[in-house]
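In: kindly generate the corresponding structure for this input.
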Amino acid sequence: MPPLPAKLAIVGGGPSAFYVASRLLSRMPHADPSSPSLRVHIFDRLWAPHGLVRYGVAPDHPEVKNCTNKFDQTAADPRFRFFGNVHVGTSFASIPHTFPLPLSSLLHSYTHVLFATGCTLPTLHPAIPPSSHCIPALSLVHWYTRHPSNPPAPALDKITHLTLIGNGNVSLDIARMLLTPPSVLKKYDVPEHVLHVLSRSSLQHVSIIARRGPLEAAFTNKELREMMHLPDASMVPLDPSLLTFAEGTSVSRQQRRTLELLHKGSQNRFGSTQKTWSLDFYRSPTALTSCRSSADTAELTLAHTVLDPSTGRAISTDQTSTLATSLVVTSLGFHVDPTAVFFDPSSAHLRAQGGRILSESGVPLRNMYASGWSANGAKGVLATTMMDAYAVADTILSDIVPAGNVTAETTPASEHGSEAVPNTLMPSLAPHPDDPPEEIKQGIMDGLVTRYHDWNVINAEEVRRGALLGKERERMGWEDARNLLSLSQ
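Out: Modelled structure (predicted):
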């Protein structure tokens, strides 16, 4: 009996989605008659593909974006299609211009469905909610990458002191972007309107708050080294006592290198630059209040912390201090939208195990999958995402390829069912072999849904515009991109 055709819908267009698509298409060669017929369609709420690679990677890290070359190769496969600017489901659409597609329509049109939607919402600090003096890091990242959500620009002309809560790589990315001279950044993928705001910045100091110590630092040494080599900024020296550890403490090679970098300090001597930055360890915010004497300043209250030796967690002492600051930026990670179907509140990501979506009772659902951050939480680097995606792709393959087929390597399929799940939340058994949902066809006709060849047109134009300005590219917004596409038809 010949293998049944397989038609996979992937919700989300970031690295995880493209790595899964790449793996499946390569493991089921188009020219191999023994391989089942396969179609892979990606649906993304963003009009441009590649997710965090385009809208999360710092502009001055172009080497991280090299993976898009592989994604372009995947998109060239005739069995692959991309549909951008599509909001799947009934949850609130944070991007107003997205084209709505009910999940039921998607499921009706595909035999297999993978959620690779990532973690799209920032984790907020309970003691300091968003306000005029407090924003999530994601707002700044989306501003300097021209994300379709179009967050407002920070008032850098009025900000002299900025405080970052959290010491992961995202925090250091933001600090580096704000402290690096625009003359250095202008050759990278930084939009002109962002460079304009940065050129008018009054920022003098960035404080990076960490609730634990240097040995527990979340940033990588690569990011720390870049901070130490900022051309126009210097680091406030740390108290030497912070860089020692008790005898018998197990310290990795990476941790030793971190301590060495912190001990050495920045290449610019503190006091020799107008702009400065600091790593403030063993501090945890407890309150943020407006300053009566100045509308542009707030007062951040910080609890002093110590490590609990039994758990390694930070615990507050009875000592506190205050910090006058213009803006607080919380960088505490990300989570899945709680309104998403199959959301698990206990983990803050989708209810999944081994790449398979689970019912509320823990039963794997037929032909329903999750990968990347949406399945595992916001953790790991791009290589982590790739390996997870390959494993999930093999799981999908094990459901598509009949047992004993030796043309593809697979992982064993577990028992699965449809316990307590409505038919409207299950993929179809016999959809049209090629076509996307009818709504998508209409969205394409109306110029509201983008395809990968549209992206190729936009990408080429962004690069062309960038070359005229002596930079990597000049990014386009939705309206500009849509106008370009209408003229290119």
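In: contacting residues for the closest residue to residue 170 other than its chain neighbours?
Out: The shortest distance from residue 170 to any non-neighbouring residue, by C-beta to C-beta, 6 or more residues apart in numbering, is to residue 331 (4.9 Å). Yep, even glycine has a C-beta here, placed from its N, CA and C like the rest. Residues near residue 331 by C-beta atoms under 8 Å, 6 or more residues apart in numbering: 136-137, 164-166, 168, 170-171, 174.
In: so of these, which ones are in helices?
Out: 137, 170-171, 174 (DSSP state H).
In: hmm, back to that, which members of the contacts of residue 331 are the farthest-apart pair?
Out: 136 and 168 (13.2 Å; C-beta to C-beta).
In: can you give me the helices for the stretch 351-489 of the chain?
Out: Secondary structure of the stretch 351-489 of the chain (DSSP state H, counting those that start in this stretch): helices located at 373-376, 382-400, 438-445, 452-468, 478-488.
In: tell me which of these approaches residue 4 most closely.
Out: The nearest among the helices of the stretch 351-489 of the chain, by C-beta to C-beta, is helix 382-400 at 8.1 Å.
In: check this structure for its longest strand and report it.
Out: strand 314-325 (DSSP state E).
In: now do the buried residues in it.
Out: Neighbour-count burial for strand 314-325, with 16 or more other C-beta atoms under 10 Å as criterion, is recorded at 314, 316, 323, 325.
In: then stretch 440-453?
Out: For stretch 440-453, by 16+ other C-beta under 10 Å, it's 440, 443-444, 448-452.
In: with pLDDT added, can I get the residues you listed in JSON lines?
Out: Shown next, in JSON lines, are the buried residues of stretch 440-453 (pLDDT from 0 to 100):
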{"residue": "440", "pLDDT": "98"}
{"residue": "443", "pLDDT": "97"}
{"residue": "444", "pLDDT": "97"}
{"residue": "448", "pLDDT": "97"}
{"residue": "449", "pLDDT": "98"}
{"residue": "450", "pLDDT": "98"}
{"residue": "451", "pLDDT": "98"}
{"residue": "452", "pLDDT": "98"}
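In: look up how far residue 170 lies from residue 16.
Out: According to C-beta to C-beta, to the nearest Å, residue 16 and residue 170 sit 18 Å apart.
In: comparing the two, which residue is more hemmed in?
Out: Neighbour count, other C-beta atoms under 10 Å: between residue 16 and residue 170, residue 16 has more, with 31 against 26.
In: in the stretch 151-300 of the chain, which spans are helices?
Out: Ranges of helices in the stretch 151-300 of the chain, per DSSP H, counting those that start in this stretch, are 169-179, 182-185, 192-199, 221-228, 253-264.
In: residue 431 is nearest to which of these?
Out: helix 169-179 (39.5 Å).
In: contacts for the closest one?
Out: Contacts to helix 169-179, defined as C-beta under 8 Å, 6+ apart, come from residues 58-60, 137, 140-141, 144, 156, 162, 164, 185, 198, 201, 203, 206, 208, 218-220, 223-224, 226-227, 230, 232-233, 275, 277, 329, 331.
In: likewise for stretch 449-469?
Out: So stretch 449-469 is contacted by 47-49, 75, 80-86, 99, 186, 189, 192, 440, 443-444, 472-476, 481, 484-485, 488 (C-beta under 8 Å, 6+ apart).
In: would you show me how to pick out the buried ones of the residues you listed in PyMOL?
Out: In PyMOL, a selection of the buried entries from the contacts of stretch 449-469 looks like this (16+ other C-beta under 10 Å):
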select buried, resi 47+48+49+75+80+81+82+83+84+85+86+99+189+440+443+444+472+473+474+475+476+481+485
